[in-house]
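Undergrad: Sequence plus predicted model, see below.
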Amino acid sequence: MATITLEHVTKVYPNGFEAVHDLNLNVADGEFMVLVGPSGCGKTTALRMVAGLEDITAGSVSIGERVVNDVSPKDRDIAMVFQNYALYPHMTVAENIGFALKLRKVPKEQIKQKVIEAAELLGLTQWVDRKPGQLSGGQRQRVAMGRAIVREPSVFLMDEPLSNLDAKLRVQMRAEISRIQRRLGVATLYVTHDQVEAMTMGDRVAVLSAGRLQQCDTPQNLYDHPTNLFVAGFMGSPAMNLFEAVVAEGATQLFIGSQAITLPSELHAVRPTLKSYAGKSIVVGIRPENLPLTDNARDSESTASPFEGHVELVEALGSELLVHFTTDAHAFEITEVMDSNAAGLADGTLTKGDAGVARVEAHTKIAAGERIRFWLNPERLHYFDRATSELIV
Amino acid sequence: MSDLVDSTNQLEVGRGDVVSATHGPTSKKDGHLRRKAWIRRLPLLPALIYMVIVTQAPFVVTLWYSFRGWNTETPGSNKFVGFASYSAVLSDPAFRSAAVVTIEMTASAAIISMLLGSAMAILINRTFMGRGVVRTMLITPFLVMPVATALLFGTTIYDPYFGLLNWILSPFGVNHVNWVGLYSMPSVVAVLVWEWAPFMMLIVLAGLQSESLESLEAARVDGANAFKTFVWITLPHLRQYIELGLLLGSIYIVQAFGEIFILTDGGGGNGSATTNLPFYIYNKVFNAFDFSQAAAAGVIVVIATEIVATVTLRLLSGLFRATEVMS
Ligand SMILES: Nc1ncnc2c1ncn2[C@@H]1O[C@H](COP(=O)(O)OP(=O)(O)OP(=O)(O)O)[C@@H](O)[C@H]1O
Ligand SMILES: [Mg+2]
């Protein structure tokens, strides 16, 4: 049982590439921390530094009270699931899973017991005598998982352990991993691409982009209060709509394209700096579910303004409709910048985006080509500085 | 048109010969096909003939002589005697001693050069300055001709008066030891090891470099130290490479001749401590002038080696199949 602490951790690869920049992260004892970010942002690198498989260029990594920068992996008491499985090719599934226990001189009977349990949990029972070469990708991935869970380490490190499983198995394993982690109460650092995994499994989620930590918070906070454009654009599916907007003189109105949204004084009470953007161009973010067709909010608070668009496409998902619409406002999307030295915009750039997307109740009568009117509640909007990409507070 | 018929005919043949055999008209086409097949293979014929002449003809000639009693010292002996030469060879104590010497020499040289070669491979399997140069230098002994190697060892290293070995050991009270005379088998084995360790090194190095770094990392995370990682992860991976090296090395070391001829002339111990089977056969021809017994001994050696090699190869190919599935 231990915590994981990364302080000002930087990794520069021998070829001069800075994969992780000044990363600060603290995983509490028993906490499930999810690390998300686009491909190549340095998630695996960060994990490998915690495991001790990669030198730390600057900063310190601690497990528990101990700084482990110079501690060899075998003495860190970690269990790791590798992104590419890294199974032992000449050992059977059972031997793979039991290897760590064998090294610890656990009695044979006990090893067998634990391997059987793990294999059952992972649905590998019929393959325990096979070698990894005779397994499918998903089966190998589960063996890699099994190798980690038979141990009772002080830290779990998992690098996209479910990426190769089919949807059904993934849901099942997600629950299984969460349960095991809670039962063992082990601090866990879990890397994933998958938003749903990040939102459902993590006690907290750390968003990484181009080697820099963007935000680290509970999934709900991350979703509700993204602190910069990158997080806003990255978390959520479909992604948050981002429009260019101009704050009118006096900051009582906001123009999204040619449409005016009233900014009530209550909003200025919560976001005092917004006033200073009067006359300036900003980026406004709207979650697809915050585009209601009826003015429910109007009855209680009466702050919503109409916002109209032209329906381009309607996607029926069964439970809801995704309405793609265009307005005369510039739409943006976030594209990650790979060069970590290109500062600004939190390592992303605004590029011209497609139409806006709204989530609408499933049985709404609407078709492409029609005009659609939403009711925008300004308190549900996210306001970002265009230059720094930070949230305007 | 004929092309069309041809292709349908081929289809039929593909489905089963029964079809073409039962229909009269198609058998003529069959002949045509056979001729085409021959024309396609004709360019291979010279190579085939060459192969047969070079590899099989000498063997057949040897077989022929092994059933005759031909000794050039005995006039009129060149006639058919059945298995007499074989029984003479098999009951010859010198032949049996030569077989034992061959086994001892081959096994010890192969195993020691494998151990040494593996150690060198492990050392060279990391990056350091001048690695390329060191690797080339380590391989060089393998490229030197056996006779030259043996001459070098005999004159500059083992020599009782001017040899390096005596000079190096002189501070420890070793003086003018006749290494080749007193320790003839170890002297020959040492030369063989010097020649074959680089070969083993190359094979083991190939094995080391094909190992996935990831499973080594996984082992470290699982808590294995360097030694345990080597024993549990690297060694099983190297096993097939080691076996292959031992097999190929042995096949060549069994045939060692030049080293023995130059260094000991088959002598040492009771006078034949380094006479292996090739040297025995050489003696039969060039000292006893008994061509038929030499031929019989040669045939016996070939058959024995064939059996050993087949069994070993079968074991190895089983391994190869297992790894094919794996990768
Ligand atoms: N050994 C290395 N030398 C140089 N650069 C490297 C090395 N390993 C990784 N990188 C670079 O560092 C960056 C981060 O790599 P990393 O493997 O940590 O990404 P990741 O976030 O895990 O991506 P993915 O989600 O695709 O697995 C990448 O841009 C990669 O090209
Ligand atoms: Mg990765």
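TA: In hand now; what should we look at? Residues are numbered from 1 along each chain as shown, chains lettered A, B, ... in the order given. Ligands and ions are numbered 1, 2, ... in the order given.

Undergrad: Could you use CA atoms for every contact and neighbour count after this?
TA: Fine.

Undergrad: what is the mean pLDDT for stretch B:309-323?
TA: Mean pLDDT, computed over stretch B:309-323, is 68.

Undergrad: correction: stretch A:216-230
TA: pLDDT averaged over stretch A:216-230 gives 93.

Undergrad: Contacts made by it with the rest, please.
TA: A:198-200, A:202-207, A:214-215, A:231-232, A:235-236, A:334, A:345-348, A:382, A:384, A:389-391 (Cα atoms under 8 Å, 6 or more residues apart in numbering or on different chains).

Undergrad: To what extent is residue A:113 buried, counted in neighbours?
TA: Under the neighbour criterion other Cα atoms under 10 Å in any protein chain shown, residue A:113 is assigned a count of 13.

Undergrad: Identify the residues contacting residue A:56.
TA: By Cα under 8 Å, 6+ apart, the neighbours of residue A:56 are A:9, A:10, A:11, A:49, A:69.

Undergrad: So which of those are in strands?
TA: Counting by DSSP state E, the part of the contacts of residue A:56 found in strands is A:9, A:10, A:11.

Undergrad: which residues sit in contact with the first one?
TA: Residue A:9 makes contact with A:20, A:21, A:22, A:23, A:24, A:56, A:57, A:58, A:59, A:60, A:61, according to Cα under 8 Å, 6+ apart.

Undergrad: Ranking by neighbours, what's the top pick from these?
TA: The most neighbours of any of those, using other Cα under 10 Å, belong to residue A:20, which has 27 neighbours.

Undergrad: Would you agree residue B:124 is in contact with residue B:130?
TA: No: contact criterion Cα atoms under 8 Å: residue B:124 and residue B:130 do not qualify, at 10.4 Å.

Undergrad: Now the phi/psi pair for the residue in the stretch 51-200 of chain B positioned nearest to ligand 1, please.
TA: Minimum separation of the stretch 51-200 of chain B from ligand 1 (Cα to the nearest ligand atom) falls at residue B:127, amounting to 15.7 Å. Note on residue B:127: backbone dihedrals following degrees, to the nearest 10 are phi -80, psi 130.

Undergrad: Residue B:124 and residue B:130: which has the busier surroundings?
TA: Using other Cα under 10 Å as the criterion, residue B:124 and residue B:130 rank with residue B:124 on top: 17 against 8.

Undergrad: Compute the distance between residue A:393 and residue A:278, please.
TA: 14 Å (Cα to Cα, to the nearest Å).

Undergrad: Mind checking which of those two has more residues around it?
TA: residue A:278 (18 against 15).

Undergrad: what's the more buried one in contact with, if anything?
TA: So residue A:278 contacts A:246, A:247, A:248, A:249, A:250, A:251 (Cα under 8 Å, 6+ apart).

Undergrad: Likewise for residue A:242?
TA: A:233, A:283, A:284, A:285, A:286, A:331, A:332, A:333, A:356.

Undergrad: Of those residues, just the buried ones, PyMOL syntax please.
TA: Selection of buried members from the contacts of residue A:242 for PyMOL, criterion 16 or more other Cα atoms under 10 Å in any protein chain shown:
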select buried, chain A and resi 233+283+284+285+286+331+332+333+356
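
Undergrad: Near chain B, list only the ones from the contacts of residue A:242.
TA: By Cα under 8 Å from any Cα of the partner chain, no member of these lies near chain B.

Undergrad: How far away from the center of its chain is stretch B:265-275?
TA: Centroid separation for stretch B:265-275 versus its chain: 23 Å, with Cα atoms, centre = their mean, to the nearest Å.

Undergrad: and it, which residues are buried?
TA: So for stretch B:265-275, counting by 16+ other Cα under 10 Å, buried means B:265, B:266, B:267, B:268, B:272, B:273, B:274, B:275.

Undergrad: which one of the residues you listed is nearest chain A?
TA: The shortest gap between chain A and any of the buried residues of stretch B:265-275 belongs to residue B:274, at 40.8 Å (Cα to the nearest Cα).

Undergrad: ok, the nearest residue to that closest one once chain neighbours are set aside - contacts?
TA: Of all residues not flanking residue B:274 in the chain, residue B:266 sits nearest, at 4.6 Å (Cα to Cα, 6 or more residues apart in numbering or on different chains). If you count contacts by Cα under 8 Å, 6+ apart, residue B:266 has them with B:260, B:272, B:273, B:274, B:275, B:276, B:279.

Undergrad: Tell me the residue of the stretch 151-300 of chain A that sits nearest ligand 1?
TA: Nearest residue of the stretch 151-300 of chain A to ligand 1 (Cα to the nearest ligand atom) works out as residue A:193 at 6.4 Å.

Undergrad: That residue: how many residues sit nearby?
TA: By other Cα under 10 Å, 17 other residues sit near residue A:193.

Undergrad: just checking, residue B:233 touches residue A:88?
TA: Yes: with contact defined as Cα under 8 Å, residue B:233 counts as touching residue A:88 (7.1 Å).

Undergrad: Looking only at neighbour counts, state which of these two leads.
TA: Between residue B:233 and residue A:88, counted using other Cα under 10 Å, the more crowded position is residue A:88 (27 against 20).

Undergrad: element containing that one, please.
TA: Using DSSP states H and E, residue A:88 is not contained in any helix or strand.

Undergrad: cool, and the one 10 residues further on?
TA: With secondary structure defined by DSSP H and E, residue A:98 is part of helix A:93-103.

Undergrad: So what's the model's average confidence on that helix?
TA: 94.

Undergrad: then that helix to PDB, C-alphas only?
TA: Output of helix A:93-103 as PDB, limited to C-alpha atoms (Å, rounded to 0.1, in the frame of the first residue of the first chain):
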ATOM      1  CA  VAL A  93      -0.300 -19.000 -19.800                       C
ATOM      2  CA  ALA A  94      -0.200 -20.500 -16.300                       C
ATOM      3  CA  GLU A  95       3.500 -20.100 -16.000                       C
ATOM      4  CA  ASN A  96       3.300 -16.500 -17.300                       C
ATOM      5  CA  ILE A  97       0.700 -15.600 -14.700                       C
ATOM      6  CA  GLY A  98       2.600 -17.400 -11.900                       C
ATOM      7  CA  PHE A  99       6.100 -16.200 -12.700                       C
ATOM      8  CA  ALA A 100       6.200 -13.300 -10.300                       C
ATOM      9  CA  LEU A 101       5.000 -15.500  -7.500                       C
ATOM     10  CA  LYS A 102       7.500 -18.200  -8.300                       C
ATOM     11  CA  LEU A 103      10.300 -15.600  -8.100                       C
END
